[in-house]
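Asks: Sequence first, then the predicted structure:
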Amino acid sequence: MAEFVGAVDQGTTSTRFMIFDHDGNEVGRHQLEHEQILPQAGWVEHNPVEIWERTSAVIQTALNTTGLTAADLVSLGITNQRETTVVWNRRTGRPLYNAIVWQDTRTDRIATALERDGRGAVIRAKAGLPPATYFSAGKIQWILENVDGAREAAERGEAIFGTTDTWLLWNLTGGPRGGVHVTDPTNASRTMLMNLETLDWDDELLSFFGIPRQMLPEIRPSSCPGDGYGRTLPIGPLAGEVPINGDLGDQQAATVGQVCFAPGEAKNTYGTGNFMLLNTGTEPVRSSSGLLTTVCYQFGDEPAVYALEGSIAVTGSAVQWLRDQLGIISGAAQSEDLARQVEDNGGVYFVPAFSGLFAPYWRSDARGVIVGLSRYNTNAHLARATLEAICYQSRDVAEAMVADSGVALDVLKVDGGVTANELCMQIQADVLGVPVVRPVVAETTALGAAYAAGLATGFWSSTDELRANWKESKRWEPRWSDAQRTEGYERWKKAVARTLDWVDVG
């Protein structure tokens, strides 16, 4: 009898496969990084074929190291970096261009034009999103306009689009030999093309970007019973026709993994970027404070649940920048050791607006700054300022959530790789002034995808059963005085002001 659920977590810098038991405990995993392709300033790409190859490899290795086979899996869930855009030929399976990553800013003129001529207001009303380089639609438009033959292939029905969940689902279920072309509402809601009320593609929004409707995948629930999105091939890493029943964008998956099933419950995921989501129930709440209105999840035939989201482009990747571009640390863990060498930031503030500023500012003209430097400062102060930047950006979003919802945070659930940095989590509690709590399973993104898959198959009977699995691992209480907190945040906002109007995007 199958006793486990598998989850593919296809992220911005790596792909992992994780296996969970009925109690939500990790049974096995394997993870591989993929190349970050940076053709010019502001451009960020991935090789979709490499991502598919990495996915196959991590599944096979995780099964081998645990001594399990596909027959031991009840179901499979997928979670993914959202907004990242893949366009490929449905006959050959070959991408027409590299995947354009959510961080990429080449579509800034497209976004600016939408805002300037009034179409931005329509996008906000229908899709819950501001026109921004972050989302998929402008990236599809760029490919159609700049890749030879792409528009003609799209109009013939040969070129199709998907975020990386769709790309993997299509390949897992057969690729050019009958692969299923599907997505779920959480990913579709990140394109600027889906109507939040109907949970379907919107013809008016499609017309804004010149995107043929036949390019787009079918939208099915995030937790999909029966055969779900299809079954895996009889050959390959999941030989045995495992049903794929869960599909969630990574931040929504983490919200499910953190069991934020009631309105007012929130989580913050610390990865390449930071993403804070607040469950708002079955009615979409429109933001007036720079947040996104998004689908949180849809389980089977139940109504969709919505969320307010604050998306921050650069947090964990700022630590990678210290490692890869500046060379002042040899690994992410060393950032904590280095930052602990000083008691405070020494007056240094670092705003890592490498791709502009996301929530709550939405300024594609911004670029990164380091301010407050004197000869007194060392690399330890910069490391500390980098950790503080992660936390101050999260406070920006938390303040916007309070303004929109009227509900103040009394605790923040956290997950993701950066939560291993205990100094950073202490700073987060200090900056927010509320306790920060990490669960036993910190990789809640993969866990949420597994939960969606297992709910669809009856492996877990209800969300109450999932709540019983959640266990606290560590809690950080705030230590700063109110005066310290206020002064630090005021200086942070002064630093943010220095990033603006740096790039012309008119």
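Replies: Yep, that arrived. Residues are numbered from 1 along each chain as shown.
Asks: Could you look up the SS state of residue 29?
Replies: On the three-state scheme (DSSP: H, G, I helix; E, B strand; the rest coil), residue 29 is labelled strand.
Asks: how many neighbours does it have?
Replies: For residue 29, the neighbour count with other CB atoms under 10 Å is 19. To be clear about C-beta, it is placed using only N, CA and C from the backbone, and glycine gets the same treatment.
Asks: With adjacent residues omitted, what lies nearest to it?
Replies: Among residues not flanking residue 29 along the chain, residue 18 sits closest, at 4.5 Å (CB to CB, 6 or more residues apart in numbering).
Asks: Would you give the sheet partners of the host helix or strand of the one you found, along with the direction of each?
Replies: Using DSSP states H and E, residue 18 sits within strand 14-20. Strand 14-20 has the following sheet partners, assigned by DSSP bridges: strand 4-10 (antiparallel), strand 26-33 (antiparallel).
Asks: tell me the most buried of these?
Replies: Scoring these by mean neighbour count under mean count of other CB atoms under 10 Å gives strand 4-10 as the most buried, with a mean of 28.
Asks: my guess is residue 9 meets residue 443, correct?
Replies: Yes - assessed by CB atoms under 8 Å, residue 9 is found in contact with residue 443 at 7.4 Å.
Asks: which non-adjacent residue is nearest residue 474?
Replies: In space, residue 474 comes closest to residue 438 once its chain neighbours are excluded; the distance is 5.0 Å by CB to CB, 6+ apart.
Asks: pretty sure the residue nearest to residue 29 is touching residue 28, no?
Replies: Yes - here residue 18 reaches residue 28: they are 7.3 Å apart, a contact under CB under 8 Å.
Asks: Could I get the full set of strands for the stretch 201-350 of the chain?
Replies: 218-219, 244-249, 266-270, 274-281, 292-297, 305-312, 349-351 (DSSP state E, counting those that start in this stretch).
Asks: Look at residue 23 and give its secondary structure.
Replies: With three-state DSSP as the criterion, residue 23 reads coil.
Asks: Residue 470 versus that one, what's the distance?
Replies: Distance, residue 23 to residue 470, using CB to CB, to the nearest Å: 11 Å.
Asks: State whether residue 62 is indeed within a helix.
Replies: Yes - counting by three-state DSSP, residue 62 is located in a helix.
Asks: Tell me which helix or strand the closest residue to residue 163 other than its chain neighbours sits in.
Replies: With CB to CB, 6+ apart as the criterion, residue 163 has its nearest non-adjacent residue at 4.8 Å, and that residue is residue 187. Using DSSP H and E, residue 187 sits within helix 185-188.
Asks: Moving C-terminal from that helix, which element do we reach first?
Replies: By DSSP H and E, the next helix or strand past helix 185-188 is strand 194-195.
Asks: Return the mean pLDDT over that following strand, rounded to an integer.
Replies: The pLDDT scores in strand 194-195 average 97.
Asks: Please state the offset of that strand from the chain centre?
Replies: Strand 194-195 sits 19 Å away from the centroid of its parent chain (CA atoms, centre = their mean, to the nearest Å).
Asks: cool, stretch 326-337 as well?
Replies: Mean-position distance between stretch 326-337 and its chain equals 24 Å (CA atoms, centre = their mean).
Asks: What of stretch 321-340?
Replies: Chain-centre distance of stretch 321-340: 23 Å, with CA atoms, centre = their mean.
Asks: How about stretch 464-473?
Replies: 23 Å.
Asks: can you list the residues that contact that stretch?
Replies: Residues from elsewhere that reach stretch 464-473, judged by CB atoms under 8 Å, 6 or more residues apart in numbering: 23-24, 256, 258-259, 261, 437-440, 442, 451, 455, 460.
Asks: Look at stretch 432-445 and report the distance between its end residues.
Replies: End-to-end distance for stretch 432-445, by CA to CA, to the nearest Å: 23 Å.
Asks: Could you list the buried residues of it?
Replies: Residues 432-434, 436-439, 441-445 are the ones in stretch 432-445 that count as buried (16 or more other CB atoms under 10 Å).
Asks: what ranges of the stretch 101-250 of the chain fall below the confidence cut-off?
Replies: Scanning the stretch 101-250 of the chain for pLDDT under 70 picks out 234-237, 239-240.
Asks: Adding distance to residue 491 and mean pLDDT as columns, could you present the strands paired with strand 14-20 in a markdown table?
Replies: A markdown table is the format used below for the strands paired with strand 14-20 (distance: least, CB to CB, whole Å; pLDDT from 0 to 100):
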| stretch | distance to residue 491 | mean pLDDT |
| --- | --- | --- |
| strand 4-10 | 36 | 96 |
| strand 26-33 | 35 | 94 |
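Asks: Save those strands as a markdown table, and put in distance to residue 72 too.
Replies: Listed next are the strands paired with strand 14-20 as a markdown table, based on distance: least, CB to CB, whole Å:
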| stretch | distance to residue 72 |
| --- | --- |
| strand 4-10 | 5 |
| strand 26-33 | 9 |
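Asks: one step back: which one's more surrounded, residue 23 and residue 470?
Replies: Neighbour totals were compared for residue 23 and residue 470, and residue 470 leads with 17 against 9 (other CB under 10 Å).
Asks: longest helix of the protein?
Replies: helix 379-405 (DSSP state H).
Asks: State the distance from the residue in the chain sticking out farthest from the centre to residue 346.
Replies: Farthest-out residue of the chain from its mean C-alpha position, per CA atoms, centre = their mean: residue 375, at 38.1 Å. With distances taken as CB to CB, residue 375 is found 11 Å from residue 346.
Asks: cool, residue 210 as well?
Replies: When residue 210 is compared with residue 346 (using CB to CB), they lie 51 Å apart.
Asks: show me where the stretch 1-150 of the chain has helices.
Replies: Using DSSP state H, counting those that start in this stretch, the helices of the stretch 1-150 of the chain run over 48-66, 108-116, 119-127, 136-146, 150-155.
Asks: centre of the chain versus the shortest one, how much separation?
Replies: For helix 150-155, the distance from its own C-alpha centre to the chain's C-alpha centre is 29 Å (CA atoms, centre = their mean).
Asks: Send over that helix as CSV, restricted to the C-alpha atoms.
Replies: Written as CSV, here are the backbone C-alpha positions of helix 150-155 (Å, rounded to 0.1, in the frame of the first residue of the first chain):
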residue,chain,number,x,y,z
ALA,A,150,7.0,33.1,-32.2
ARG,A,151,3.8,35.0,-33.0
GLU,A,152,3.1,33.0,-36.1
ALA,A,153,3.6,29.8,-34.2
ALA,A,154,1.3,31.0,-31.4
GLU,A,155,-1.4,31.9,-33.9
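Asks: Lowest-confidence one in the buried residues of stretch 432-445?
Replies: Within the buried residues of stretch 432-445, pLDDT reaches its minimum at residue 442, with 76.
Asks: quick revisit: dump the strands of the stretch 201-350 of the chain into a markdown table; add mean neighbour count and distance to residue 483 as well.
Replies: What follows is the strands of the stretch 201-350 of the chain, written out as a markdown table (neighbours: other CB atoms under 10 Å; distance: least, CB to CB, whole Å):
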| stretch | mean neighbour count | distance to residue 483 |
| --- | --- | --- |
| strand 218-219 | 17 | 50 |
| strand 244-249 | 32 | 39 |
| strand 266-270 | 27 | 25 |
| strand 274-281 | 25 | 25 |
| strand 292-297 | 26 | 33 |
| strand 305-312 | 26 | 26 |
| strand 349-351 | 25 | 18 |
